[in-house]
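# Take this sequence and fold it.
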Amino acid sequence: MAIYLDCNATTPVEPSVASAVVRFLEKDFGNAASPIHDYGVFALTAVEHARGQVAEVVKANRDEVIFTSGATESNNLAILGLADAGMRNGRCHIISTAIEHKSVLEPFEEMARLGFEVQILPVQSDGRIDPQRLSDAIRPDTLLVSTMQVNNETGVLQPLTEVADILADREIWWHVDAAQGFGKELEQLRHPRINFISISGHKIYGPKGIGALVVRKQNRQFPPIHPLMFGGGQEQGLRPGTLPVSLIAGFGEAAKLAVRNNGDRMKKCQTFREKALATLSALGAEQNGAEKYTLPHVLNISIPGINSEVAIKALKNVIAVSSTSACTSHTHTPSHVLTAMGLSFEKVEQSIRLSWCHMTPEVDWSEVENILRALRG
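Residues are numbered from 1 along each chain as shown. Presented below is the predicted three-dimensional model:
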């Protein structure tokens with residue numbers, strides 16, 4: 001079987017994570033909302049333990065972690081949940097960037113439909129936003145700024161520290177989509193100025209279907225977000241429904257390992273990266289996104305003379321790679337991220353994304369090179 005190099009779409013599950021999930025599916029299967037017997041007590045204990053493990057990654061308080069189905073839901077809750085507060089206070093200007101995931105851009109479109117003025121900032125050719133453009137865009141009626149931590153297509157780390165400085169003394173809510181960087185790049189998300197952080201468990205070697213929105217309190221008060229669903233008081237009243245204890249336990253274990261093993265994982269990914277770059281550079285591949293800002297587990301390249309769809313099919317028995325984000329790969333439309341970076345249509349059509357992890361086995365790069373060279377004839 002081909003070696004999996006699409007970890008930005010989803011990661012393999014750590015063995016101890018799988019064990020935790022199975023335990024709470026088969027043995028300790030109680031409802032965390034029913035701590036009236038041992039089954040419910042064990043379930044609630046597991047949930048709160050996992051909540052603390054997730055909070056520790058970003059140095060938040062335990063009660064600031066709201067469990068959701070993943071970063072897509074978290075993004076929607078953070079953005080759309082502020083609509084009432086914005087309209088009530090007359091602050092109807094919101095800002096995001098052209099390289100955000102669709103689960104941010106589409107809620108922004110919905111906010112526009114509700115009457116908000118949406119401003120989408122361009123990005124530079126290196127794949128990063130320009131903090132000065134953000135500073136210039138801020139107005140007295142700005143309600144929200146939403147920026148990602150790490151781009152899902154290029155792996156480029158965004159300048160969150162600079163954004164934090166710009167927003168330091170402003171009464172503007174700041175949301176960060178951290179689906180691709182949570183548990184990998186640790187320091188930036190620990191900045192206390194960030195109000196909302198969206199997370200997915202399946203990007204950090206945890207199960208699919210679980211994630212969180214970290215909602216940092218200000219002066220011991222939660223930001224004024226309203227729930228998008230109703231029917232229960234779970235998760236600070238922001239996300240009703242029976243908690244998936246098994247998934248939460250697995251998510252917590254994955255978060256714990258992300259912190260404990262961060263350095264070792266980064267080293268392994270960097271070693272893998274160097275081997276990949278050596279092969280692909282020999283083919284004339286051009287990296288999309290500045291190398292100095294790109295995390296070590298992602299590589300987005302364009303190879304002159306080779307269409308990405310043709311390359312992906314030719315390589316499918318050797319390595320499994322992609323050409324765009326998982327959520328938009330079925331649309332066959334050019335990458336909005338690479339287009340926003342100013343790449344030509346030809347380079348976008350030649351782009352391939354490789355993403356790996358500390359569990360990825362060795363690749364026969366000579367075979368990869370031979371296949372790609374053969375495509376050029």
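# So for residue 235, what's the pLDDT?
Reported pLDDT at residue 235 in the predicted model: 88.
# With residue 328 instead?
53.
# What of the one 4 residues further on?
Residue 332 carries a pLDDT value of 67.
# Strands of the stretch 51-200 of the chain, residue ranges please.
65-68, 93-97, 117-121, 142-148, 173-177, 196-200 (DSSP state E, counting those that start in this stretch).
# Redo those strands as CSV? Include distance to residue 240 and mean pLDDT.
Heads up, the C-betas are built off the backbone N, CA and C, glycines and all. Below are these laid out as CSV (distance: least, Cβ to Cβ, whole Å; pLDDT from 0 to 100):
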stretch, distance to residue 240, mean pLDDT
strand 65-68, 11, 98
strand 93-97, 26, 98
strand 117-121, 28, 98
strand 142-148, 24, 98
strand 173-177, 21, 98
strand 196-200, 19, 98
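# hang on, isn't residue 226 packed against residue 88?
No - judged on Cβ atoms under 8 Å, residue 226 makes no contact with residue 88 at a distance of 10.6 Å.
# more neighbours, the two?
Using other Cβ atoms under 10 Å as the criterion, residue 226 and residue 88 rank with residue 226 on top: 14 against 9.
# Tell me the secondary structure at the more buried one.
Under DSSP: H, G, I helix; E, B strand; the rest coil, residue 226 falls in the coil class.
# could you check the distance from residue 35 over to residue 27?
17 Å (Cβ to Cβ, to the nearest Å).
# The two: which has the busier surroundings?
The residue with more neighbours, out of residue 35 and residue 27, is residue 35; 15 against 10, by other Cβ under 10 Å.
# Could you look up the SS state of the more buried one?
Applying three-state DSSP: residue 35 is coil.
# pretty sure it is touching residue 41, no?
Yes - the pair residue 35 / residue 41 is scored as a contact, 4.8 Å apart, by Cβ under 8 Å.
# which outside residues touch stretch 265-282?
184, 295-297, 299, 301, 303, 354, 356-358, 360, 363, 365-366, 368-369 (Cβ atoms under 8 Å, 6 or more residues apart in numbering).
# Identify those among those residues that sit within strands.
Residues of the contacts of stretch 265-282 located in strands (DSSP state E): 299, 301, 354.
# and those as a markdown table, adding distance to residue 216?
Output for the ones in strands among the contacts of stretch 265-282, formatted as a markdown table (distance: Cβ to Cβ, whole Å):
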| residue | distance to residue 216 |
| --- | --- |
| 299 | 33 |
| 301 | 37 |
| 354 | 34 |
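# Of the contacts of stretch 265-282, select the buried ones using a ChimeraX command.
Applying 16 or more other Cβ atoms under 10 Å to these, the buried members can be selected in ChimeraX as follows:
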select :184,295,296,297,299,301,303,354,356,357,358,360,363,365,368
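# residue ranges of the helices in this protein, please?
Assigned by DSSP state H, the helices in the chain fall at 15-26, 38-58, 71-80, 83-89, 102-113, 131-137, 160-167, 245-260, 262-282, 308-315, 336-340, 345-349, 365-375.
# Summarise which helices and strands the fourth one is packed against.
The reference is to helix 83-89. On a contact count with 3 or more Cβ pairs under 8 Å, 6 or more residues apart in numbering; DSSP states H and E, helix 83-89 meets strand 142-148.
# which ones are touching residue 194?
160, 164, 174, 176, 216.
# Ok, residue 367 next?
Applying Cβ under 8 Å, 6+ apart, the residues contacting residue 367 are residue 318.
# I'd like the distance between it and residue 315.
The gap separating residue 367 from residue 315 is 9 Å, by Cβ to Cβ.
# Please report phi then psi for the nearest residue to residue 364 once chain neighbours are set aside.
Using Cβ to Cβ, 6 or more residues apart in numbering and skipping the chain neighbours, the partner closest in space to residue 364 is residue 318 (6.8 Å). Main-chain torsions, residue 318, degrees, to the nearest 10: phi -110, psi -50.
# what's residue 89 in contact with, if anything?
residue 143 are the contacts of residue 89 under Cβ under 8 Å, 6+ apart.
# go again using 7 Å as the cut-off
Residues near residue 89 by Cβ atoms under 7 Å, 6 or more residues apart in numbering: none.
# just residue 190 next, same as before
58, 59.
# now do residue 293
Counted by Cβ under 7 Å, 6+ apart, residue 293 has contacts 126, 127, 128, 156, 157.
# just residue 5 next, same as before
Per Cβ under 7 Å, 6+ apart, neighbours of residue 5: 319, 320, 321, 354, 355, 356, 360.
# Could you do residue 70 as well?
Residues in contact with residue 70 (Cβ under 7 Å, 6+ apart) are 200, 209, 210, 211.
# Nearest to residue 31 among these?
Lowest distance from residue 31 to those (Cβ to Cβ) belongs to residue 210, with 16.1 Å.
# Just give the closest residue to that closest one, not the sequence neighbours.
residue 247 (3.8 Å).
# what would the ones in strands among the contacts of stretch 265-282 look like in a markdown table with pLDDT and distance to residue 97?
Listed next are those as a markdown table, based on pLDDT from 0 to 100; distance: Cβ to Cβ, whole Å:
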| residue | pLDDT | distance to residue 97 |
| --- | --- | --- |
| 299 | 98 | 22 |
| 301 | 97 | 22 |
| 354 | 98 | 24 |
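# Which of the residues you listed sits closest to residue 192?
residue 299 (32.4 Å).
# and the residue nearest to the closest one when sequence neighbours are not counted, what does it touch?
Excluding the flanking residues, the one nearest residue 299 by Cβ to Cβ, 6+ apart is residue 354, at 4.7 Å. When contacts are counted by Cβ under 7 Å, 6+ apart, residue 354 touches 5, 276, 299, 321.
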